[in-house]
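1. Task: produce atomic coordinates for the following.
(chains A and B)
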Amino acid sequence: MKITRSNVSDEIPTSSMADIAFLLIIYFMVTTTFAATRGLDFSLPKDDDTPPMIEKEESVLIEIQAGGLLLVDQKAMPLEDILDYLKPKLEINQTKPVIIRPQENAQYGDMVDVFDELRQAKDKIGIEIKNISIPTQREIDMFWF
Amino acid sequence: MRLQTRSVQNTGIPTASMADIAFLLIIFFMVTISFEVDKTQVGLPKTELRIEIPKKSAYVSVTKNGQIRVSGGDEISVPVPGPQEVLSFAADVVRRDPSKAFVLKADREASYRHVDGVIDALKQAKAEVIYLLSDQETVESEAGQ
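-> Got it, this is the predicted structure:
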């Protein structure tokens, strides 16, 4: 009588493991959405209900109108000229307050453009603007004089 | 005379470690992935200066039409009717963690009126810092404007 032995492999088949793993990688890569995680920081005043009174004459007022027109101390000015205008004033007083006041029908992007430009003062004109303020309409109604 | 033995060379590419590499990549993806808590589609403003936003920050998003959504940083954002609800949401977040950072994710074409209400709500809630979420300003995008 002839006895035949069946040749059974005693190893776990792992040849398809790489295929499965790469499929999982492709799934992660396709479903991952890259979130924007950077922006401009805007520190708010510390907890006090009586903000320091600033004389209008002491500060620089940047008004942003609906079409994106910028009025710096009542004078129309392109965005790239603002820092040159501010430089001599900041050289005298580095803590000179700069107030950004967008009109309510202006675009948010225009306000961010101005804020971005002012934040880059240190790189562009060598003086950091320490006092940038963006008052809200409620604050203007309460404290503007 | 003894015949020279022929060396048998393996012609296959060794793929045994492929699965290990693939699983390492999967683990890397799983560890580094951060889920977006707010998936609101907005056209972010572009800025040259961009600062890394702390993880788990609270989100307030404002669309072009003025629709507002909020998230405490851990859960998916939910819509709110107006700035008054943003104030109560932000006050609750600040009460739990006074140093919590807020991210304002607003559309660049949003009317400033809508954004002003949100910033005012965050100021009233005594938020310490707001990050204005932005995309990177590039030379091409500046030229396109």
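
2. and the helix or strand hosting A:Ile100, how far from the chain's centre?
-> Per DSSP states H and E, A:Ile100 falls inside strand A:98-102. Computed by C-alpha atoms, centre = their mean, to the nearest Å, the chain-centroid distance of strand A:98-102 equals 16 Å.

3. got a pLDDT number for A:Thr33?
-> Predicted confidence (pLDDT) for A:Thr33: 62.

4. Correction: the previous question concerned A:Gln94.
-> In this model, A:Gln94 carries a pLDDT of 82.

5. Kindly report the same for B:Gln4.
-> 66.

6. cool, A:Ile3 as well?
-> Reading off the model, A:Ile3 has pLDDT 67.

7. Extract the C-alpha trace of the strand holding A:Ile100 and format it as CSV.
-> What follows is strand A:98-102, C-alpha atoms only, in CSV (Å, rounded to 0.1, in the frame of the first residue of the first chain):
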residue,chain,number,x,y,z
VAL,A,98,-2.9,102.9,14.9
ILE,A,99,-6.7,102.4,14.7
ILE,A,100,-8.2,100.3,11.9
ARG,A,101,-11.8,101.2,11.3
PRO,A,102,-13.5,99.4,8.5
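
8. Partner strands of that strand, with direction?
-> Using DSSP bridges, strand A:98-102 pairs in its sheet with strand A:60-64 (parallel), strand A:132-133 (parallel).

9. which one of the ones you listed has the most crowded surroundings?
-> With neighbours defined as mean count of other C-beta atoms under 10 Å in any protein chain shown, those peak in mean count at strand A:60-64, which reaches a mean of 20. Where you see a C-beta, it was placed from the backbone N, CA and C, and this is true even at glycine.

10. same for the helix or strand that the strand holding A:Ile100 is followed by, what does it pack against?
-> Where DSSP H and E defines the elements, the next helix or strand beyond strand A:98-102 is helix A:108-119. The contact analysis (3 or more C-beta pairs under 8 Å, 6 or more residues apart in numbering or on different chains; DSSP states H and E) places helix A:108-119 against strand A:38-43, strand A:60-64, helix A:82-92, strand A:98-102, strand A:132-133, strand B:46-47, helix B:112-124.

11. which residues does B:Ala110 contact?
-> A:107-108, B:42, B:62-64, B:66 (C-beta atoms under 8 Å, 6 or more residues apart in numbering or on different chains).

12. Leaving out sequence neighbours, find the closest residue to it.
-> Using C-beta to C-beta, 6 or more residues apart in numbering or on different chains and skipping residues adjacent in sequence, the residue nearest B:Ala110 is A:Tyr108, 4.6 Å away.

13. Check the spacing between that neighbour and B:Ser61 real quick.
-> 12 Å (C-beta to C-beta, to the nearest Å).

14. anything in contact with each of these two?
-> With C-beta under 8 Å, 6+ apart, A:Tyr108 and B:Ser61 have common neighbours B:Ala106.

15. if we can go back for a sec, could you identify which of the helices and strands packed on helix A:108-119 has the lowest mean pLDDT?
-> strand A:38-43 (a mean of 86).

16. what lines up beside that strand in the sheet?
-> strand B:51-52 (antiparallel), strand B:129-133 (antiparallel).

17. just to revisit the earlier point, these two touch, right, the residue nearest to B:Ala110 and B:Asp116?
-> No: A:Tyr108 is beyond contact range of B:Asp116, at 9.1 Å (criterion: C-beta atoms under 8 Å).

18. Backbone torsions only: list them for the one residue sitting closest to the centre of chain B.
-> Compute the mean C-alpha point of chain B, and by C-alpha atoms, centre = their mean the closest residue is B:Glu36, 5.4 Å away. According to degrees, to the nearest 10, the main-chain angles of B:Glu36 amount to phi -80, psi 120.

19. hey, where'd the strands end up in chain B?
-> Ranges of strands in chain B, per DSSP state E, are B:46-47, B:51-52, B:58-62, B:68-71, B:78-80, B:102-106, B:129-133, B:135-136.

20. would TSV of those strands with distance to B:Thr15 be doable?
-> TSV is the format used below for those (distance: least, C-beta to C-beta, whole Å):
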stretch	distance to B:Thr15
strand B:46-47	45
strand B:51-52	40
strand B:58-62	44
strand B:68-71	44
strand B:78-80	48
strand B:102-106	45
strand B:129-133	44
strand B:135-136	40
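
21. now those strands in TSV, with distance to A:Leu23 and mean neighbour count?
-> Putting the strands of chain B into TSV (distance: least, C-beta to C-beta, whole Å; neighbours: other C-beta atoms under 10 Å in any protein chain shown) gives the following:
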stretch	distance to A:Leu23	mean neighbour count
strand B:46-47	37	22
strand B:51-52	33	12
strand B:58-62	33	25
strand B:68-71	32	23
strand B:78-80	34	15
strand B:102-106	33	25
strand B:129-133	34	23
strand B:135-136	32	14
